[in-house]
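# coords below, sequence missing:
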């Protein structure tokens, strides 16, 4: 199941269980994702936090009941998952700008929730995937330094790559992109997978490229990566999250491109185990999973 389908299923689960005291953990478990990673991708795909979406959906159903039924306010509150009439009234007033009683008197037109196009935001990923591989550039990148934060990931672990989303949250919360000195390109942030091993473990690094890794903030680390030729793909996070990018890269593109991986003898299924990093490049205009970003895949020209 791809991430987009998981988010769609989680929304259907919320719609069916919203009257119950469900939690983020309950919803994440339903779609087999860790709570932290699920929270990250849910917000990226919908624009809402999980709790905010759940609360908005409950309030929307309350609004319909206020207009279309004669139920008591306390009954509406409990029927739609609120723990008390007071919490219902407070949340409703904050969202709609009037109390439930005033809303019932005014009987305004109720805008649909979720918005009709919310679940259609995932554009055709197959078309985007096709476009990703139509225009590929190649560059030779000299050895380079990066400064940032790093976590260990284990593809066999139940948490999967959830440490990556936590790392990005810490990076953004602390604003390191603004304070690291000696940056090569201000506003350009890398997500780097490196030091992969045959037992499906690796390191993931979030940081910026620098001229030299001196005068680092104490919480950060510096890394140097070897020179390599890279195949550069323009894509989106949405395409990556579906799993389509790397699946296509390994299964089809490499075979037809005339290029191979560094240390290809260590390749196993869709993973590559080598010292050369795969780099996600996010520029200063990057906003969400629909924004353009780049993947730098380390390659070598096949011998004739």
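That came in fine, so what should we check first? This is a predicted model, so every value here is computed, not measured. Numbering: from 1, shown residues only.

# From here on, just use CA atoms for contacts and neighbour counts.
Noted.

# Which residues does the longest helix along the chain contact?
In the chain, with assignment by DSSP state H, the single longest helix is helix 50-68. The contact list for helix 50-68, computed with Cα atoms under 8 Å, 6 or more residues apart in numbering, reads 14-15, 18-19, 24, 39, 42-43, 71, 76-77, 80-81, 88, 91-92, 100, 103-104, 107, 110, 112-114.

# of the residues you listed, buried ones?
Buried members of the contacts of helix 50-68, counted by 16 or more other Cα atoms under 10 Å: 14, 18-19, 24, 39, 42-43, 76-77, 80-81, 88, 91-92, 100, 103-104.

# Give me the distance between residue 170 and residue 206.
Applying Cα to Cα, to the nearest Å, the value for residue 170 to residue 206 is 10 Å.

# would you say residue 32 is within a helix?
No - read with DSSP: H, G, I helix; E, B strand; the rest coil, residue 32 is coil and lies in no helix.

# tally of neighbours for residue 180?
By other Cα atoms under 10 Å, 21 other residues sit near residue 180.

# Kindly report the same for residue 60.
Residue 60 has 21 neighbouring residues, counting by other Cα under 10 Å.

# Over to residue 70?
10.

# Please identify which helix or strand holds it.
Per DSSP states H and E, residue 70 falls between elements, in no helix or strand.

# So for it, what's the pLDDT?
The pLDDT attached to residue 70 in the predicted structure is 93.

# what stretches of the stretch 101-250 of the chain score poorly on pLDDT?
117, 119-127, 155-161, 197-200, 242-243 (pLDDT under 70).

# What ranges does it have for its helices?
Counting by DSSP state H, counting those that start in this stretch, the stretch 101-250 of the chain has helices at residues 125-132, 162-174, 176-179, 237-241, 244-248.

# Determine which stretch of these is the most buried.
Burial of the helices of the stretch 101-250 of the chain is given as mean neighbour count (mean count of other Cα atoms under 10 Å); helix 237-241 ranks first at a mean of 20.

# List the contacts of that one.
Under Cα under 8 Å, 6+ apart, the answer for helix 237-241 is 2-4, 122, 125, 128-129, 245-246, 288-293.

# rewinding a little: now do the same for the following helix or strand past the longest helix of the chain: mean pLDDT, whole number.
Downstream of helix 50-68, the first helix or strand assigned by DSSP H and E is helix 73-79. Across helix 73-79, the average pLDDT comes to 95.

# elements contacting the following helix or strand past helix 73-79?
Next helix or strand after helix 73-79 toward the C-terminus (DSSP H and E): helix 85-96. Counting contacts by 3 or more Cα pairs under 8 Å, 6 or more residues apart in numbering; DSSP states H and E, helix 85-96 is packed against helix 50-68, helix 73-79, helix 100-106.

# mind running it again at 6 Å?
helix 73-79 (3 or more Cα pairs under 6 Å, 6 or more residues apart in numbering; DSSP states H and E).

# Quick check, central residue of the protein?
Centroid-nearest residue in the chain, with Cα atoms, centre = their mean: residue 41, separated by 4.1 Å.

# I'd like to check the angle between the helix or strand that residue falls within and helix 50-68, please.
Using DSSP H and E, residue 41 falls within helix 35-46. Counting by axes from the mean of the first three to the mean of the last three Cα atoms, to 10 degrees, helix 35-46 lies at 60 degrees to helix 50-68.

# for helix 35-46, what is the average pLDDT?
pLDDT averaged over helix 35-46 gives 75.

# which outside residues touch it?
Helix 35-46 is touched from outside by 25, 28, 49, 162, 165, with contacts defined as Cα atoms under 6 Å, 6 or more residues apart in numbering.

# now it and helix 162-174, what's the angle there?
Calculated by the same axes, to 10 degrees, helix 35-46 forms an angle of 70 degrees with helix 162-174.

# all numbers from here: first residue = 13
Done: numbering now begins at 13, and the last item shifts to helix 47-58.

# Now find how far off-centre helix 47-58 is within its chain.
Offset of helix 47-58 from its chain centre (Cα atoms, centre = their mean, to the nearest Å): 6 Å.

# Which stretches in the stretch 213-316 of the chain count as strands?
Using DSSP state E, counting those that start in this stretch, the strands found in the stretch 213-316 of the chain span residues 213-222, 233-237, 240-248, 271-273, 290-294, 304-313.
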